[in-house]
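*Asks:* what follows is a predicted protein model with its sequence.
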Amino acid sequence: MKLREVKEILDAEVVVGHEQLDMEVEKGACADLMSDLLVYCKTGSLLLTGLANHQVVRTAEVLDAAAVVIVRGKQPFPETIKLAEELHIPILTTKYILFETVGRLYARGMAGCIEKAGEERDFS
């Protein structure tokens, strides 16, 4: 699915990355603990979180994530926006809670990075 579709499904605001809305994203991962995302998120995935600080963007950078969606109506801090712009990592915000956000994307065909804890992460 394209990032543009994610925006529509989540009634999201694009904070950074308007020019990247045609990017394809097939998988997603969600957590508020960045260490969990480092374990379970795959390259090119959509990163969903309730955190709005620069660590989210740094985690997305390390993972080579496609984009970040910040939930619960939170807005990223100015330094987060600046870093995302520098690294060309799209940030979207939605008012939906994390559970609803994931459910909406899953219902529309987005898969998670893994199905069960303990599965190996594919670094490709």
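*Replies:* Arrived safely. Numbering: from 1, shown residues only.

*Asks:* list the buried residues for stretch 24-36?
*Replies:* By neighbour count on 16 or more other C-beta atoms under 10 Å, the buried set for stretch 24-36 is 25, 27, 28, 29, 30, 31, 34. Yep, even glycine has a C-beta here, placed from its N, CA and C like the rest.

*Asks:* tally of neighbours for residue 76?
*Replies:* 23 (other C-beta atoms under 10 Å).

*Asks:* how about it, phi and psi?
*Replies:* phi -70, psi 150 (degrees, to the nearest 10).

*Asks:* so which strand or helix has the residue nearest to it when sequence neighbours are not counted?
*Replies:* Nearest non-adjacent residue to residue 76, counting by C-beta to C-beta, 6 or more residues apart in numbering: residue 52, 4.6 Å away. For residue 52, there is no host helix or strand (DSSP states H and E).

*Asks:* residue 52 contacts residue 79, doesn't it?
*Replies:* No - between residue 52 and residue 79 there is no contact under C-beta atoms under 8 Å: 10.4 Å.

*Asks:* compare the two and say which is more crowded by neighbours.
*Replies:* residue 52 (21 against 11).

*Asks:* how far away is that one from residue 73?
*Replies:* 10 Å (C-beta to C-beta, to the nearest Å).

*Asks:* same deal with residue 83?
*Replies:* Taking C-beta to C-beta, one finds residue 83 at 21 Å from residue 73.

*Asks:* list the contacts for the residue lying closest to residue 10 once chain neighbours are set aside?
*Replies:* Ranked by C-beta to C-beta, 6+ apart and with sequence neighbours excluded, the top spatial neighbour of residue 10 is residue 94, at 4.1 Å. By C-beta atoms under 8 Å, 6 or more residues apart in numbering, residue 94 lies in contact with 10, 11, 12, 13, 69, 70, 71, 73, 101.

*Asks:* that's a strand at the fifth one, yeah?
*Replies:* Yes - assignment of residue 69 by DSSP: H, G, I helix; E, B strand; the rest coil places it within a strand.
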